[in-house]
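Colleague: Whatever this is, show me its structure:
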Amino acid sequence: MTESIRRDGEYETSENPYANPYEGAQQHAYAQQAGTSPVNPEWPPPPAQPPVAPAVDEAPKKRARRPFALLAAVAIVAAAVGGGTAYGIQELTGSDTVVSSSTSANVVPSSQKGTVSGVAKAVSPSIVEISATSSAGSSTGSGVIITSDGEIITNNHVVSGATSVKVSTSDGKEYTAEVVGTDASKDLALIKLRDASGLTAATLGDSDGVQVGDEVVAIGSPEGLTGTVTSGIVSALDRDVTVSTDESQQQQQQQGGGSGQWPFEFGGQEFNGDTGSSTTTYKAIQTDASLNPGNSGGALIDMNGNIIGINSAMYSASGSSSSSSEAGSVGLGFAIPINTVKADLDTLRAGGADN
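Modeller: You can find the predicted model right below:
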């Protein structure tokens, strides 16, 4: 029989020399799991542990957090996009520049916005010179192209009674025109060029948004000087201007060979001669932009290049004096609001209110 040899302290002492040395540890583990004290009272109790939630609850908690995180991310992206959009709109509209409240479109390039030269360059191709001939003589006026195929708005008194109408565009081309319709009560007329296409049509603005003090540009052909540009401000609104509707009275004014000093009444006074007994009164935009004979039918324009009025009457000092040194503009001009023109277009295209 072989004797088992062991060193001191290798195994715990036990009455049973064949006792399992791991038995005490196993009993301690079983007792701890069962919530009872271990077999060996000398072993310290295990440290207290916080309760652990079942693993099945972890997934719902994580899933519950995801929608909030997703919404937060979406909100951040939306804010970034919104900010970018606002910046883009500001860049496109140039909201850092003060423009007229009558704006309906930006015709002038952004690099020249708010300048007279920019307005002149953008709008001049849409302004024409009109030469009308009648049995009484001839007259010179202006007009505004409103369609690319040659519809042109002008004053009734420019073409009233005309037997022949010639039009010159800004590039020097000449056309024959026909009178489509007239409305003497508003001093408006629509003419149409023959065999015209590809013309630059003007942009019609919103005259209801015009305010006193707004900067404006006038383009026309005073005294036959095609494409003359002047500038000023809107000096008043809703002025009652009275002009003649008598064709024979207007023809008498044409005998001056293009003097174009059309008579009108304002504030109970007559200017540029006698208007006669047959007259009409309309609400006009008053401007101090220099207007002279021949500007009639031309454009009054805001600083974005939109047409806000059709120039129709102006006071000329030569109308009340024989001295030529007093002739010329004195800063008293009137324009028919463009909203009046737009409201009358269908009537003019149908032949006008005078038919």
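Colleague: Every contact and neighbour count from this point should use C-alpha atoms.
Modeller: Fine.
Colleague: so what's Glu286 up against?
Modeller: Heads up, residue 286 is Gln, not Glu. Val234, Ser235, Ala236, Leu237, Asp238, Arg239, Leu332, Gly333, Phe334, Ala335 (Cα atoms under 8 Å, 6 or more residues apart in numbering).
Colleague: avg pLDDT for stretch 175-184?
Modeller: Here stretch 175-184 scores 96 as its mean pLDDT.
Colleague: Go through it and flag the buried ones.
Modeller: Within stretch 175-184, the residues that qualify as buried by neighbour count (16 or more other Cα atoms under 10 Å) are Tyr175, Thr176, Ala177, Glu178, Val179, Val180, Gly181, Thr182, Asp183, Ala184.
Colleague: What is the end-to-end distance of stretch 164-182?
Modeller: One end of stretch 164-182 to the other measures 15 Å (Cα to Cα, to the nearest Å).
Colleague: Dump the buried residues of stretch 175-184 into a markdown table; add distance to Val108 and secondary structure as well.
Modeller: Conversion of those to a markdown table gives the following (distance: Cα to Cα, whole Å; DSSP: H, G, I helix; E, B strand; the rest coil):
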| residue | distance to Val108 | secondary structure |
| --- | --- | --- |
| Tyr175 | 27 | strand |
| Thr176 | 30 | strand |
| Ala177 | 29 | strand |
| Glu178 | 31 | strand |
| Val179 | 31 | strand |
| Val180 | 30 | strand |
| Gly181 | 31 | strand |
| Thr182 | 31 | strand |
| Asp183 | 31 | strand |
| Ala184 | 33 | coil |
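Colleague: Of these, which is the nearest to Thr228?
Modeller: For the buried residues of stretch 175-184, the residue nearest Thr228 by Cα to Cα is Tyr175; the value is 19.9 Å.
Colleague: so that closest one bridges to which residues?
Modeller: In this entry, Tyr175 is beta-bridged to Val167, by DSSP bridges.
Colleague: I'd say it and Lys166 touch.
Modeller: Yes - in this structure Tyr175 lies within contact range of Lys166 using Cα atoms under 8 Å: 5.8 Å.
Colleague: Endpoints of stretch 120-136, how far apart?
Modeller: 34 Å.
Colleague: List the buried residues for that stretch?
Modeller: Neighbour counts using 16+ other Cα under 10 Å place 120, 122-134, 136 of stretch 120-136 among the buried residues.
Colleague: so Ser312 is in which element?
Modeller: When secondary structure is defined by DSSP states H and E, Ser312 falls within strand 306-316.
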